[in-house]
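Turn this into a model:
(4 chains, ligands or ions: 2)
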Amino acid sequence: MDTLAPATFDVARIRQDFPILSQPQARGRPLVFLDSGASAQKPRVVIDAMVRCMETAYANVHRGAYRLSELATNSYEAAREATARFINAVDAREIVFTRNSTEAMNLVAHGWGRGVMKPGQAVLISELEHHANIVPWQMLRDDKGNELRVCRITDSGELDLDDLEMKLADGKVGLVAIAHMSNVLGTVTPVERIVAMAHAHGAKVLLDGSQAAVHRRVDVQAIGCDFYCFTGHKLYGPTGIGVLWGKPEHLDRMPPMLGGGDMISYVTFEKSEWAPVPAKFEAGTPAIVEAVGLHAAIDYVTAIGMPAIEAHERSLVDHATSTLATVPGLTLLGAAQDRGGVFAFALDAAHPHDLATLLDRAGIAVRAGRHCAEPLHTRFGLENGTTRASFGLYTTREEIDILAQALTEAREFFR
Amino acid sequence: MDTLAPATFDVARIRQDFPILSQPQARGRPLVFLDSGASAQKPRVVIDAMVRCMETAYANVHRGAYRLSELATNSYEAAREATARFINAVDAREIVFTRNSTEAMNLVAHGWGRGVMKPGQAVLISELEHHANIVPWQMLRDDKGNELRVCRITDSGELDLDDLEMKLADGKVGLVAIAHMSNVLGTVTPVERIVAMAHAHGAKVLLDGSQAAVHRRVDVQAIGCDFYCFTGHKLYGPTGIGVLWGKPEHLDRMPPMLGGGDMISYVTFEKSEWAPVPAKFEAGTPAIVEAVGLHAAIDYVTAIGMPAIEAHERSLVDHATSTLATVPGLTLLGAAQDRGGVFAFALDAAHPHDLATLLDRAGIAVRAGRHCAEPLHTRFGLENGTTRASFGLYTTREEIDILAQALTEAREFFR
Amino acid sequence: MSGLFDDLRDLYQEVILDHGRKPRNFRRLDDADATARGDNPMCGDRIELFIRRAPDGSIADAAFQGRGCAISTASASLMTETVKGKTADEAKDLGAKFRELAMTGVCPDCGASFADEMERLAPLSGVHEFPSRVKCATLAWHTLNAALDGAKEASSE
Amino acid sequence: MSGLFDDLRDLYQEVILDHGRKPRNFRRLDDADATARGDNPMCGDRIELFIRRAPDGSIADAAFQGRGCAISTASASLMTETVKGKTADEAKDLGAKFRELAMTGVCPDCGASFADEMERLAPLSGVHEFPSRVKCATLAWHTLNAALDGAKEASSE
Ligand SMILES: Cc1ncc(COP(=O)(O)O)c(C=O)c1O
Ligand SMILES: Cc1ncc(COP(=O)(O)O)c(C=O)c1O
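Residues are numbered from 1 along each chain as shown, chains lettered A, B, ... in the order given. Ligands and ions are numbered 1, 2, ... in the order given. Take a look at the predicted model:
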């Protein structure tokens, strides 16, 4: 069961690309960073690209009639093209840059939910969603009355497709909004099937790829979804930039959420005319340097190869599954067949927050809490939350061993 | 009329702080960057702070129970405190980080305009506004019916306070939204008077400080306004971060614009409870590294001293006013008494776009167009737009001389 | 036992672990005069605090229910023990001192009025080295203030 | 004259400056069969194009009005001169070749069919070195396509 990462994937070499991993740490222990699911560390190429932009080629975009501004505009638009290629969009104009995936989902809730959906149509999410894919739909419901339906998940943490089918059956669902990968259970959802089912019932599909896009090759055309989003900082890129991809015919129909410069063609006090997509959705000065950084991050993971990254992660997942099973008193949340490198767990002797404090002392960075997925924790009766270890491409098996060992000792500490 | 900058302000030394200014340029000519009004260049301290954050202290904020995350959270919140001090806010909780000032104004249009204002109340802007302070109010009007009133400006580019008074008189105006400094005319508006007039008629005041906050010390308590916003990238800081300040009692009443993680206290599928301000308005992972960069930018300008920066700018403004007057065929837009370092002009012989192309060849970066202030250009009958030179703290008199000389030659070129 | 976590014994002193595992006064007070809910949304801690006043206004009984980490549970437990018999003002004063202790690790002028009480609470002083945990230790005291002021909810945010 | 802008003579050749200052066919066609508006929101260029067809469908007359920089005005002026007498297909073909010229500076297979026309348009080829100005040169041709296709508006965006 322990598959090996391909020989080309040299994790020791990759770790050298990340300056923070070789930083001296408090108490001299090496940093075991197992919180990449919350936000990933940044490789030198990303940092360098941002620095280079600010030191040699910075100006506002879309506006100037001079060389520096053209350079900056070209870099910004090149980032859009790289992003389009990364998820196999047909055209760069289908890519809208946002602050993060939270804003991307809100953009759909606003532009599609409020702007296009009919009041009688429902939104269907699932029990494993991140708050970013719950709260915008609650706001839509409270504001416009669109019913919010919730697809159940099974005890092993997989989508209950029978329930999905049932909740689609009356044809009232206008939009299915579901995570491509859970940030708590690790579950990778069967997106092609979800899309087929939703489309069969006349519903559009938004996929929250915040976790999935980091871990495997995403092909929006092959998946067939209508909207897809992810967030730069989890993909080894900068904070302050996220991505919404949408089918162009959908984006065209959506009214903008924010008004301002660069998103209009003509302005008089009486009336403004929206610019074509994606400019329509990018009011004001965008995150220029961050787009450049995201481009570098995409180039970085693409050069390593998403398949290699996925294989490495699969080997980590297998190793973690078997290793964590040996820790006495540990319960893993979720046991999906198809899963990524995120492990949330409860230790019988310790509250998650106390546990995280202990692990931190051992140099192990994990998260404690409900990971912005409170309803999911409620579903599993874990109101105290869980402790979560999540992996990046720089994560090693040794780090997982260190975690397992520390968990075992932590249990002793609290008993 | 030619006042000198204080001796402490050594512009040659300051220029060394900005890596891009010593970059070799195409055709060997030095870069004369006169587009700081669109976006300013970044000093090394800002770049370094961002790099340091990513290389040594990066993690997601507000979430982790480990040292790195605490470090990152502290840095993020320290940026909020520095921002509060910068504009003399009472408390850091009055500071909301946004993507840019465009988003800040949209946040007010959403939270105050849609959330608090009554349908019968009007919004009063002025003819000199940037699109970011026009379009959100048009959207509010088209969506909720709130009338949009426009205060006239005089031919010299100053607010017509009689008109302001007249348009406030019926007490229907709920919000006055006005630029503290025009990005085209350079006009600095009499904000204390505006506030006094607006408050006397029961209207709140939002000031668009995108330009002003860069050029002079802003004290929101002394001004007495209700909301103030500015944008990081014009203040020598990073892209991707802006600031909305609001009186806490106002922010408390405003519903959030975006839903997601970190902006709620409790979430069930039935209902979510908003977190207290400012978290309520900061859904999802914020621009962490950018907040750190903004902090460094604020420290940088504060160390130089806003009064010194203002004095330097005043000396540039005086120099430019007299020097540009010697260019044949040049018409300056606006002649306000109190003005900042932004000069938009029309040259009789050349279309602004052609002129900018010429100046670019001479290494001079200026903007051509309507500078996201189309109605203002329409007001002055300049449908073709203008060419604009805008100054930063690194701008020198020599650069203004180079501009004036190039304009004179450009006129010959086109005649 | 290995030494991996030895330097955490300062934070998790035996008395903390003990109160965390077996909180005192962990029950409803059906005849409570005042109750308040305390929330720490960050980690999901949530307590409900019950206060019964004596005829002279002092705190006759204090109890709590809820869930939380060892620190917040131990702190609530120790608090209910400590405030019994105190007047509202004394209890608030003690809370202020305790918060200072939790945030800084010391409380110079504490000994003066509440030497015994502060000594009982001292095991929680280790929390000051863990900024993200300070809120866990102070939640119960925030909630006490809320209950004494007649508010229904407190939040450590 | 100083040499500050000498290397811009390639872009602003005398013929461009001349057509920019004194555009040809700069008028309304009251008997137009087709009109279209072309916009470049970025710099405020806006032209209105008028086409009159001959009985055989070819372009009998072309004229324009509007405002714009020297490049876009000169390009519209030269275009109206060049397309007269062409069929719609020929005019579109010529437009495609011109766009290639404007974007790359060359048009290898252009000489074949429209040698003379391309020579007249050649002074605009310098624009390819100025990416932000290419749209100025091609706006008129986009608008022509729109007029020939019966659309009312074109945008260089
Ligand atoms: C599944 C999922 N969706 C959405 C988000 C929100 O991402 P962001 O905070 O970058 O908007 C996250 C991460 O926090 C996530 O894991
Ligand atoms: C006066 C004024 N308001 C608003 C803005 C918008 O700023 P941003 O694009 O950073 O949102 C600008 C700058 O473009 C400006 O000059």
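
Give me the local confidence score for the residue lying farthest from the centre of chain A.
Largest separation from the mean C-alpha position in chain A: residue A:270, at 40.0 Å (C-alpha atoms, centre = their mean). With respect to pLDDT, residue A:270 scores 86.

Need the three-state assignment for it.
coil (DSSP: H, G, I helix; E, B strand; the rest coil).

list the contacts for it?
With C-beta atoms under 8 Å, 6 or more residues apart in numbering or on different chains as the criterion, no residue contacts residue A:270. Quick note: C-beta positions are derived from backbone N, CA and C, even for glycine.

cool, residue A:111 as well?
A:251, A:254, A:255, A:256, A:257, A:281.

isn't there a helix covering it?
Yes: looking at residue A:111 with three-state DSSP, it is inside a helix.

anything in stretch A:289-305 near chain B?
Yes: judged by C-beta under 8 Å from any C-beta of the partner chain, stretch A:289-305 and chain B are in contact via A:289, A:290.

which other residues reach that stretch?
A:8-9, A:14, A:17, A:42-43, A:45-50, A:53-54, A:58, A:75-76, A:78-80, A:82-83, A:86, A:97, A:232, A:235-241, A:243, A:309, A:393, B:238-240, B:287, B:290.

for stretch A:278-285, same thing?
By C-beta under 8 Å, 6+ apart, stretch A:278-285 touches A:60-62, A:80, A:93-98, A:107, A:111, A:244, A:251, A:254, A:256-263, A:274, B:39, B:99-103, B:106, B:132, B:135, B:231, B:233, B:239, B:242, D:157.

average pLDDT across that stretch?
In the prediction, stretch A:278-285 has an average pLDDT of 96.

got it, and stretch A:302-319?
On average, stretch A:302-319 scores 97.

so residue A:340 makes contact with residue A:313?
Yes: if you go by C-beta atoms under 8 Å, residue A:340 and residue A:313 touch, sitting 6.4 Å apart.

okay, the two: which has more neighbours?
Neighbour totals were compared for residue A:340 and residue A:313, and residue A:340 leads with 27 against 22 (other C-beta atoms under 10 Å in any protein chain shown).

Report how many residues lie close to the residue nearest to that one when sequence neighbours are not counted.
Distance criterion C-beta to C-beta, 6 or more residues apart in numbering or on different chains; nearest residue to residue A:340, sequence neighbours excluded, is residue A:215 at 4.5 Å. Counted with other C-beta under 10 Å, the neighbours of residue A:215 add up to 29.

who's in contact with the closest residue to chain A within chain C?
Closest contact between chain C and chain A, by C-beta to the nearest C-beta, is at residue C:69 (3.9 Å). If a contact means C-beta under 8 Å, 6+ apart, then residue C:69 has A:351, A:352, A:353, A:354, A:384, C:20, C:43, C:45, C:133, C:136 as its contacts.

mind checking how far it is from residue A:41?
Applying C-beta to C-beta, to the nearest Å, the value for residue C:69 to residue A:41 is 27 Å.

Of the contacts of residue C:69, which one scores lowest on pLDDT?
Among the contacts of residue C:69, residue C:43 has the lowest pLDDT, at 70.

Mind checking what secondary structure that one has?
Relying on three-state DSSP, one would call residue C:43 coil.

what about burial for the contacts of stretch A:278-285, which qualify?
Burial by neighbour count, judged by 16 or more other C-beta atoms under 10 Å in any protein chain shown, picks out A:60-62, A:80, A:93-98, A:107, A:111, A:244, A:251, A:254, A:256-263, A:274, B:39, B:99-103, B:106, B:132, B:135, B:231, B:233, B:239, B:242 from the contacts of stretch A:278-285.
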